[in-house]
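[1] sequence plus predicted model, see below.
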Amino acid sequence: MNSQDRSSEGRGGSAYDHLWMHFTRMSSYENAPVPTIVRGEGVHIYDDTGKRYLDGLAGLFVVQAGHGRAELAETAARQARELAFFPVWSYAHPKAVELAERLAHHAPGDLNKVFFTTGGGEAVETAWKLAKQYFKLTGKPTKHKVISRATAYHGTPQGALSITGLPALKAPFEPLVPGAHKVSNTNIYRAPVHGDDPEAFGRWAADQIEQQILFEGPDTVAAVFLEPVQNAGGCFPPPPGYFRRVREICDTYDVLLVSDEVICAFGRLGTMFGCEKFGYRPDMITCAKGMTSGYSPIGACIVSDRIAEPFYRGDNVFLHGYTFGGHPVSAAVALANLDIFESEKLNQHVLDHEAAFLDTLRKLHDLPIVGDVRGNGFFYGIELVKDKDTKETFDAEETERILYGFVSKKLFENGLYCRADDRGDPVVQLAPPLVSDQGTFDEIEQILRATLTEAWTKL
């Protein structure tokens, strides 16, 4: 039935009837309007009633340069008039070449080869497939397994979802791709050991990777997938020495280290790539989101010369690709976005203001519901608890009633768009555009304070 043939009053209307929203409980909007965002400017977004909200999540960890950047829209239009589309399947176009060169320039060490995708999940999928074929080409065909961390999210394609460490997200789609194994993450707030010694905890957490490699057999493990700061669970930064030890382990057992930087690249931590912030050199980087500040979709897997070398010999071919990978319009927008990074010194802006952002959020520690504030750069998680002394978390009923039934809705009602999530323990996540300043931080803190203070009364 056409939605115009019946009244949509009191319902989500056309959005409910036809738009299947992602990761959304659709029944929530059967008798309620779907929040509809129509405009953005700087760090703010506006809905279809004209109400303004602070974008505390940069869309989805994406809009680094802020909303309403006319120069990025104009770049897209200009490129579309010149060459709207051509694939990079055995052909090149200038913007893909230029962007690949620029990304290689920013990437550490010998990560000089850029395989374009249209998003982050595809980039992770690419990295696993590439790792498998690399070892087949180099005479180690049994190395195909991957190791990642508990609670970590790496994407929705079948392979990337297998790498993801969130059982509830995977259960509806099992069986998935075999060979993906999990180890402990770096959540020191809930550390099973060494909770009072970050360096010892980092060594312990890294050594879990070595133990898993040995358990599976080093001749079967191809790669380790790690985010610089783990997103799901609420922004877990690496303890001191963690990545140095992981790099040693991977080198010892000839295992590739993949830095999944779909969120952490392009200034989110104050560096072009997150691995630079923590001083480690991966074999591959997966990235997407902030590359264009969201003005056009693109992703990439950036690969070291060493790993790419066998694919550049004889008749070897990486049998993989995406129609829209390296899209001319997206590549042009990415280049213009990187120009903004340079001209406005966005990375340095994050480095200069990350301590102030963290200090502002830490003011919330005086609330009984706030257990932990953690993260790095412009990327923070606030873990909610019902007992600060014991770190007791919400039960399932409280999570549904307090986190989703109240906090998530009330934050938005109070003018803050961010993420309230329980993939792990209940957290509120914040990742505003990189142009944010102290005024932004204060507005976030004030809205959080009012909302979480009220939430405590409902526990």
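    Nice, I can see it. If you're wondering where the values come from, they're calculated on a predicted model, not measured in any experiment.

[2] drop to CA atoms for contacts and neighbour counts, all remaining ones
    OK.

[3] and Ala171, how many neighbours does it have?
    10 (other Cα atoms under 10 Å).

[4] relative to Ala73, how far out is it?
    Using Cα to Cα, to the nearest Å, one gets 40 Å for the distance from Ala171 to Ala73.

[5] likewise Ser330?
    Ser330 is 11 Å from Ala73, by Cα to Cα.

[6] how about the residue nearest the centre of the chain: what's its closest non-neighbour residue?
    Most central in the chain under Cα atoms, centre = their mean is Ile263, positioned 3.1 Å from the mean C-alpha point. If the residues on either side of it in the chain are set aside, Ile263 comes closest to Phe61, at 6.0 Å by Cα to Cα, 6 or more residues apart in numbering.

[7] what does the pLDDT read for that neighbour?
    pLDDT recorded at Phe61 is 98.

[8] would you state the helices of the stretch 151-300 of the chain in chain order?
    With helices called from DSSP state H, counting those that start in this stretch, the stretch 151-300 of the chain shows them at 158-163, 167-170, 198-216, 242-252, 274-278.

[9] the shortest one packs against which elements?
    In terms of contacts (3 or more Cα pairs under 8 Å, 6 or more residues apart in numbering; DSSP states H and E), helix 167-170 is not packed against any helix or strand.

[10] which residues sit against that helix?
    The contact list for helix 167-170 (Cα atoms under 8 Å, 6 or more residues apart in numbering) reads Leu161, Ser162, Thr164, Leu176.

[11] who wins for most neighbours among the residues you listed?
    Neighbour max across those (other Cα under 10 Å) = Ser162, 28 neighbours.

[12] measure it to Asn347 for me?
    Look at Ser162 and Asn347: by Cα to Cα, they are 33 Å apart.

[13] buried residues, stretch 141-154. List them.
    Judged by neighbour count (16 or more other Cα atoms under 10 Å), stretch 141-154 contains these buried residues: Lys143, His144, Lys145, Val146, Ile147, Ser148, Arg149, Ala150, Thr151, Ala152, Tyr153, His154.

[14] burial count for Pro432?
    Applying other Cα under 10 Å, I find that Pro432 has 32 neighbouring residues.

[15] lowest-confidence helix or strand of this structure?
    helix 14-18 (a mean of 89; mean pLDDT, DSSP states H and E).

[16] not counting its neighbours along the chain, what's nearest Ser304?
    That would be Leu111: by Cα to Cα, 6+ apart, it lies 3.7 Å from Ser304.

[17] the one you found touches Ile302, doesn't it?
    Yes: using Cα atoms under 8 Å, Leu111 is in contact with Ile302, at 6.1 Å.

[18] quick one on the thing from earlier: please look at the residue nearest to the centre of the chain and Ser293 and confirm they touch.
    No: using Cα under 8 Å, Ile263 makes no contact with Ser293, being 11.3 Å away.

[19] show me the strands in the stretch 151-300 of the chain, by range?
    Using DSSP state E, counting those that start in this stretch, the strands of the stretch 151-300 of the chain run over residues 180-183, 221-226, 256-260, 284-287, 299-304.

[20] mind saving the C-alpha coords of the second one as PDB?
    Taking only C-alpha atoms (Å, rounded to 0.1, in the frame of the first residue of the first chain), the coordinates of strand 221-226 have been written out as PDB:
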ATOM      1  CA  VAL A 221      47.600 -17.900  12.000                       C
ATOM      2  CA  ALA A 222      47.700 -15.200   9.300                       C
ATOM      3  CA  ALA A 223      46.900 -12.000  11.000                       C
ATOM      4  CA  VAL A 224      46.000 -10.000  14.200                       C
ATOM      5  CA  PHE A 225      43.300  -7.300  13.800                       C
ATOM      6  CA  LEU A 226      43.500  -4.500  16.400                       C
END
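
[21] quick one: mean pLDDT over that strand.
    99.

[22] just checking: what are the partner strands of it?
    strand 145-149 (parallel), strand 256-260 (parallel) (DSSP bridges).

[23] same question for the first one.
    Using DSSP bridges, strand 180-183 pairs in its sheet with strand 145-149 (parallel).

[24] any idea of the angle the strand it pairs with forms with helix 198-216?
    150 degrees (axes from the mean of the first three to the mean of the last three Cα atoms, to 10 degrees).

[25] could you pull out the strands in the stretch 351-459 of the chain for me?
    Under DSSP E, counting those that start in this stretch, the stretch 351-459 of the chain gives strands at 370-376, 379-384, 416-417, 419-421, 427-430.

[26] by contact count, what packs against the second one?
    Same thing as strand 379-384. Using 3+ Cα pairs under 8 Å, 6+ apart, strand 379-384 sits against strand 370-376, strand 427-430.

[27] format those as TSV; extra columns: mean pLDDT.
    Conversion of the helices and strands packed on strand 379-384 to TSV gives the following (pLDDT from 0 to 100):
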stretch	mean pLDDT
strand 370-376	98
strand 427-430	98
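
[28] residue contacts, the closest residue to Val317 other than its chain neighbours?
    Closest residue in space to Val317, ignoring its immediate chain neighbours: Phe311 at 5.9 Å, by Cα to Cα, 6+ apart. With contacts defined as Cα under 8 Å, 6+ apart, the neighbours of Phe311 are Tyr134, Val317, Phe318.

[29] tell me which other helices or strands the strand or helix carrying Ala308 touches.
    In the assignment (DSSP states H and E), Ala308 maps to helix 305-308. Secondary-structure packing of helix 305-308 (3+ Cα pairs under 8 Å, 6+ apart): strand 111-117.

[30] doesn't Ala232 make contact with Asn187?
    No: the criterion here is Cα under 8 Å, and Asn187 misses it with Ala232 at 10.7 Å.

[31] tell me which of the strands of the stretch 151-300 of the chain is the most buried.
    strand 284-287 (a mean of 31; mean count of other Cα atoms under 10 Å).

[32] contacts for that strand?
    The contact list for strand 284-287, computed with Cα under 8 Å, 6+ apart, reads 111, 119-120, 123-124, 127, 256-263, 265, 299-304.

[33] also stretch 208-224?
    Counting by Cα under 8 Å, 6+ apart, 128, 131-132, 135, 140, 142-148, 181, 183-184, 246, 249-250, 253-258 sit against stretch 208-224.

[34] returning to that earlier point: closest one of the contacts of helix 167-170 to Asp421?
    Of all those, Asp421 sits closest to Thr164, with 16.1 Å by Cα to Cα.

[35] okay, now the unreliable bits of the protein?
    Of all residues in the chain, those with pLDDT under 70 make up the ranges 1-13.

[36] rewinding a little: the contacts of helix 167-170: which two are farthest apart?
    Longest span within the contacts of helix 167-170, Cα to Cα: Thr164 and Leu176, 10.9 Å.
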